[in-house]
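Student: Predicted model and sequence follow; I will ask about them next.
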Amino acid sequence: MEITYTENQIVFKKQLNTLDKFVIDFTSLLNRLNICYVIVSGYVTILFGRSRVSEDVDIIVERIEFDKFEKLWDALKKDFVCINAKEAKEAFERYLQAGVALRFAKKNRFIPNIEFKFPKISLDLWTLRERKKVLLNNHEIFISPLELQIPFKLYLGSEKDIEDAKYLYNLFKNNIDTKVLNEFIQKLKTEELFKRYLE
């Protein structure tokens, strides 16, 4: 798998797996409606070829008004279903605005599913603002900057998360901005974990 990494984007092609196709189907609707989003956590590692299972894909979405959310809800209805809310108004007011994630899956299937949420903390806002464009087989998706993704995985600390961090670091250590990486390592207090597992 040949990956082209530039300041603006990451470009590569691969054999799409079921999860890739699921993510492309969902994010293509966000792209079409010009909704700013960023994919975070486990799927980022799977995207770049790490072989492991994930049941959900975490997506942080800019805070949008109800009118725009309703357009997205209507666009999603053709192929997707919201697992934890039945109507757009309920989903927006009782879940998103209350800081609770929505879950979307393909009709008649609960796995995999999208965890869809508004930003809650400053790191979420930074991730949205600095998101990285990926062109996967010419499909445009946006992911968390790897300079945050790697130390955040160390911060989560499970064996799976540490293996994710190692995989991403080994794949991109010659591309990422080490200054930004080190800032997040310090901010998340993962210096010892970084030395133990990644150096």
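Tutor: Structure received.
Student: Please enumerate residues in contact with the helix or strand harbouring W73?
Tutor: In this structure, W73 sits in helix 66-76 according to DSSP states H and E. With contact meaning C-beta atoms under 8 Å, 6 or more residues apart in numbering, helix 66-76 is reached by 26, 29-30, 32-33, 35, 64, 82, 88-89, 91-92, 96, 104. Where C-beta positions appear, they are placed from N, C-alpha and C, glycine not excepted.
Student: next one: stretch 183-196
Tutor: Residues contacting stretch 183-196 (C-beta under 8 Å, 6+ apart): E147, L148, I150, P151, F152, L154, Y155, G157, I162.
Student: Among those residues, find the lowest-pLDDT one for me.
Tutor: Within the set of the contacts of stretch 183-196, pLDDT is lowest for G157 (92).
Student: Chain neighbours aside, what residue packs nearest to it?
Tutor: Among residues not flanking G157 along the chain, L193 sits closest, at 7.3 Å (C-beta to C-beta, 6 or more residues apart in numbering).
Student: ok, and the one you found, which helix or strand is that part of?
Tutor: helix 191-197.
Student: Quick one: distance of that helix to the chain centre.
Tutor: In terms of C-alpha atoms, centre = their mean, to the nearest Å, the centre of helix 191-197 is found 24 Å from the chain centre.
Student: Let's see that helix as CSV, backbone CA atoms only.
Tutor: Extracted in CSV, the C-alpha atoms of helix 191-197 (Å, rounded to 0.1, in the frame of the first residue of the first chain):
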residue,chain,number,x,y,z
GLU,A,191,5.8,10.8,28.0
GLU,A,192,6.6,7.5,29.8
LEU,A,193,4.3,5.5,27.6
PHE,A,194,5.8,7.0,24.5
LYS,A,195,9.3,6.2,25.7
ARG,A,196,8.3,2.6,26.7
TYR,A,197,6.4,1.6,23.6
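Student: show me what contacts D20?
Tutor: Counting by C-beta under 8 Å, 6+ apart, D20 has contacts K14, L47, L136.
Student: how about the second one, what does it touch?
Tutor: Going by C-beta under 8 Å, 6+ apart, L47 touches D20, V23, I39, V134, L136, I141, I143.
Student: Where does V44 sit, in terms of helix or strand?
Tutor: Using DSSP H and E, V44 sits within helix 42-47.
Student: tell me what the very next helix or strand once past that helix is packed against?
Tutor: Moving toward the C-terminus from helix 42-47, the next helix or strand (DSSP H and E) is strand 56-61. Here strand 56-61 touches helix 18-32, strand 37-40, helix 42-47, strand 113-117, helix 122-129, going by 3 or more C-beta pairs under 8 Å, 6 or more residues apart in numbering; DSSP states H and E.
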